[in-house]
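> Generate a structure from the sequence data that follows.
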Amino acid sequence: MLAALSHRWLAFPLAAAALLAACSKQDESKGISRPALTVTAAYPVTETWPVRIPANGTVEAWQEAVVGSDVQGLRLAKVLADTGDAVKAGQVLAVFDAEPVKIEVAQAKAALAQAQATAEQARENAERARTLRGSGAISDQLITQYLSAEQSAHAQVAAAQATLAAQQLRLTRTRVLAPDDGIISARTATVGAVFNPGGELFRLIRQGRLEWRAELTDAELEHVTPGAKALLTLTDGRPIEGSVRMAAPTLNTRTRTGFAYVDLPPGTLIRPGMFVRGEFDLGLRPAITVPSQAVTMHDAFNYVFRLEPDGSVRQLKVTTGRRVGDHVEILNGLAPDSKIASAGAGFLNDGDLVRIVDE
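Numbering: from 1, shown residues only. Below is the predicted model of the structure:
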């Protein structure tokens with residue numbers, strides 16, 4: 001008895017499966033297809049969107065001046081500026097020991113006075129020689145000597161004057177002056193040190209100006225023009241607005257990228273050497289947009305599904321552009337009047353039948 005009941009219970013699901021299979025075959029033979037998924041429909045919309053180009057780059061000094069030593073063999077006596085100090089053009093930054101130079105200036109003045117006295121005596125002798133020329137009182141050879149001595153004395157005066165001027169210039173250069181307004185970015189000056197001419201004492205950020213050097217591709221650089229706005233975002237979220245000064249006239253031959261130089265406003269907490277992200281604001285431009293959920297990605301390409309009159313979908317390859325909120329710009333591949341699948345598009349395949357519902 002139990003064996004008979006068991007066979008009956010096993011026979012029931014098998015019969016049901018056979019019945020479903022028979023119905024399925026019957027539907028297929030009649031050409032009946034059932035929708036695969038329920039989706040919502042959407043149409044492309046034309047909107048006016050801002051054009052922004054994202055970029056990364058570092059903050060650098062607009063121009064950095066090297067303040068060096070112009071004297072040799074002198075000991076640095078005073079250092080009057082340090083890293084981070086704001087200085088004015090002509091401000092004294094350091095002072096070398098000027099006593100040896102003062103002595104040389106005094107010696108040069110004495111040598112000049114002696115040369116001038118000699119020149120005066122030579123001038124008087126030459127003047128008498130000119131007066132006696134042709135009288136026979138003195139020989140022509142002696143007259144020539146007096147005249148030559150006068151010229152030599154004048155040359156010695158000129159040489160002594162040049163020596164004095166050089167020593168006086170050296171004396172003025174014992175005081176190291178700031179070449180421009182700016183901020184001291186580095187200091188190597190040390191009291192007691194002796195520097196060779198040209199030795200670096202300070203580095204100065206001229207006028208305190210900083211710039212953001214944003215790296216862009218050649219195509220992006222074409223759209224960035226002087227005066228365009230750039231919005232930088234610091235690591236703590238603070239925004240800083242700058243203005244494009246210029247775009248690089250050449251590109252890196254290896255990376256095919258170039259720099260856009262953005263002037264930054266003074267008084268910010270931004271520092272040279274910081275890596276900063278930002279974007280360039282290039283104004284407004286119309287955009288054909290669709291909901292971002294309508295765009296799917298397969299094999300690194302973007303697609304949308306156009307709704308066909310027979311209830312099926314057709315997969316279209318599209319090129320996307322800007323994204324704002326939950327919408328994305330379609331650059332090409334989709335007609336503006338196309339009806340597309342929105343919610344649920346991520347589960348579709350080309351040719352699927354769908355049921356459309358309102359959102």
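> The spatially most central residue of the chain is in what secondary structure piece?
Geometric centre of the chain, nearest residue: Arg213, 0.5 Å, by Cα atoms, centre = their mean. Following DSSP states H and E, one finds Arg213 within strand 210-217.
> Please enumerate residues in contact with the next helix or strand after that strand?
Sequence-wise, the next helix or strand downstream of strand 210-217 (DSSP H and E) is helix 218-221. Residues from elsewhere that reach helix 218-221, judged by Cβ atoms under 8 Å, 6 or more residues apart in numbering: 53, 55, 247-248, 251, 256-258, 260. Placement of C-beta: from N, CA and C, glycine included.
> and with 6 Å instead?
Under the contact criterion Cβ atoms under 6 Å, 6 or more residues apart in numbering, helix 218-221 has outside partners 53, 247, 251, 256, 258.
> Point out where the stretch 201-350 of the chain drops to low pLDDT.
Along the stretch 201-350 of the chain, no part satisfies pLDDT under 70.
> So Phe305, which state does it fall into?
Here Phe305 is recorded as strand under DSSP: H, G, I helix; E, B strand; the rest coil.
> Could you give the number of residues near it?
Each residue near Phe305 was counted by other Cβ atoms under 10 Å, and the total is 26.
> now the one 3 residues further on
Neighbour count for Glu308, taken as other Cβ under 10 Å: 13.
> same deal with Lys339?
15.
> what sits against it?
By Cβ under 6 Å, 6+ apart, the contact set of Lys339 is 41, 307.
> Backbone torsions only: list them for it.
Here is the backbone geometry of Lys339 (degrees, to the nearest 10): phi -100, psi 120.
> Could you measure from it over to Asp352?
Going from Lys339 to Asp352 by Cβ to Cβ, to the nearest Å gives 15 Å.
> still on that earlier bit, tell me who's in contact with the residue nearest to the centre of the chain.
Applying Cβ under 6 Å, 6+ apart to Arg213 gives the contacts 57-58, 60, 259, 261.
> 8 Å instead?
Counting by Cβ under 8 Å, 6+ apart, Arg213 makes contact with 57-60, 259-262.
> Filter these down to the buried ones.
Among those, the ones that count as buried by 16 or more other Cβ atoms under 10 Å are 57, 59-60, 259-262.
> Can you flag which of those belong to strands?
Within the buried ones among the contacts of Arg213, residues falling in strands by DSSP state E are 57, 59-60, 259-262.
> Can you lay out those residues as TSV showing distance to Gly182?
What follows is those, written out as TSV (distance: Cβ to Cβ, whole Å):
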residue	distance to Gly182
Gly57	22
Val59	16
Glu60	14
Phe259	22
Ala260	24
Tyr261	18
Val262	19
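> What about the contacts of helix 218-221, which are in strands?
Assigned to strands by DSSP E, the following of the contacts of helix 218-221 qualify: 53, 247, 258.
> The first one and Phe280 touch, don't they?
When you say that, I think you mean Ile53. Yes: in terms of Cβ atoms under 8 Å, Ile53 counts as a neighbour of Phe280; the distance is 4.5 Å.
> Pull up the overlap in contacts between these two.
Listed contacts common to Ile53 and Phe280 are 223-224; contacts here mean Cβ under 8 Å, 6+ apart.
> Between these two, which is the more surrounded one?
Between Ile53 and Phe280, Phe280 has the larger neighbour count (other Cβ under 10 Å), namely 23 against 20.
> Centre of the chain to the helix or strand containing that one, how far?
Counting by DSSP H and E, the element that carries Phe280 is strand 275-291. From the chain centre to the centre of strand 275-291 is a distance of 20 Å (Cα atoms, centre = their mean, to the nearest Å).
> Let's see that strand as PDB, backbone CA atoms only.
Presented in PDB, the C-alpha positions along strand 275-291 are these (Å, rounded to 0.1, in the frame of the first residue of the first chain):
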ATOM      1  CA  PHE A 275      50.000  68.900  -4.800                       C
ATOM      2  CA  VAL A 276      46.500  70.300  -5.600                       C
ATOM      3  CA  ARG A 277      43.500  69.100  -7.500                       C
ATOM      4  CA  GLY A 278      41.300  71.500  -9.300                       C
ATOM      5  CA  GLU A 279      39.300  72.200 -12.400                       C
ATOM      6  CA  PHE A 280      39.000  74.900 -15.100                       C
ATOM      7  CA  ASP A 281      35.700  76.700 -15.600                       C
ATOM      8  CA  LEU A 282      35.300  77.300 -19.300                       C
ATOM      9  CA  GLY A 283      31.700  78.700 -19.200                       C
ATOM     10  CA  LEU A 284      28.400  77.200 -20.300                       C
ATOM     11  CA  ARG A 285      27.600  74.900 -23.200                       C
ATOM     12  CA  PRO A 286      24.400  73.000 -24.300                       C
ATOM     13  CA  ALA A 287      24.400  69.300 -23.500                       C
ATOM     14  CA  ILE A 288      22.100  66.400 -24.600                       C
ATOM     15  CA  THR A 289      21.700  64.500 -21.300                       C
ATOM     16  CA  VAL A 290      20.100  61.200 -20.100                       C
ATOM     17  CA  PRO A 291      19.700  59.700 -16.700                       C
END
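> For that strand, name the packing helices and strands.
Where contact means 3 or more Cβ pairs under 8 Å, 6 or more residues apart in numbering; DSSP states H and E, strand 275-291 is packed against strand 45-61, strand 210-217, strand 229-233, strand 313-324, strand 327-332.
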